[in-house]
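Engineer: Here is my input, please return the structure:
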Amino acid sequence: QVQVIESGGGSVQAGGSLQLSCAASGRTFSRYSMAWFRQAPEKEREFVAAITWSGSSTYYADSVKGRFTISRDNAEATVYLQMNSLKPEDTAQYYCAAAREPDTFAVGRHEYAFWGQGTQVTVSS
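Structural biologist: Numbering: from 1, shown residues only. So this is what the prediction gives:
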């Protein structure tokens, strides 16, 4: 059973920073792409960032490029999302997800099969 658990959300003022963490268990973490998605109230869940199984490649939504950084520690089976220069429009529930297939670079929502419960990020102006 694959489990994905996020932590690190909270409230911050615009311009501030937060780091989210996501711990995964239940299979060989280092073989699978990981990603972050987010969902604001009354909006569709949207892609934020993804990282390959090795950590050698990353991919970001245009809205967060240059402000957010995704990284992973395979020894700790953990993926991180460092969020800087936060804006009120970044307010959302943030979800960590693990790819369905190993050894691929997954960026589409349909490619992710295992999801956490989410952690709330609130940015005030």
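
Engineer: Please count neighbours and contacts with C-alpha atoms only from this point.
Structural biologist: OK.

Engineer: host element of the most centrally placed residue in the chain?
Structural biologist: The residue lying closest to the centre of the chain (Cα atoms, centre = their mean) is residue 36, at 2.2 Å. Element membership of residue 36, judged by DSSP states H and E, is strand 34-39.

Engineer: who does the helix or strand that that strand is followed by touch, helix- and strand-wise?
Structural biologist: Using DSSP H and E, the helix or strand that follows strand 34-39 in sequence is strand 46-51. On a contact count with 3 or more Cα pairs under 8 Å, 6 or more residues apart in numbering; DSSP states H and E, strand 46-51 meets strand 34-39, strand 58-60, strand 68-73.

Engineer: What strands line up against strand 46-51, and which way round?
Structural biologist: Its sheet considered, strand 46-51 pairs with strand 34-39 (antiparallel), strand 58-60 (antiparallel) by DSSP bridges.

Engineer: mind listing what the residue nearest to the centre of the chain touches?
Structural biologist: The contact partners of residue 36, by Cα atoms under 8 Å, 6 or more residues apart in numbering, come to 47-50, 81, 94-97.

Engineer: Which residue is the nearest non-sequential neighbour of it?
Structural biologist: In space, and not counting its chain neighbours, residue 36 is closest to residue 96: 4.6 Å by Cα to Cα, 6 or more residues apart in numbering.

Engineer: just to revisit the earlier point, ok, now how distant is the residue nearest to the centre of the chain from residue 125?
Structural biologist: According to Cα to Cα, to the nearest Å, residue 36 and residue 125 sit 23 Å apart.

Engineer: again with residue 9
Structural biologist: According to Cα to Cα, residue 9 and residue 125 sit 17 Å apart.

Engineer: higher neighbour count, these two?
Structural biologist: Neighbours per residue, other Cα atoms under 10 Å: of residue 9 and residue 125, the larger number sits with residue 9, 18 against 10.
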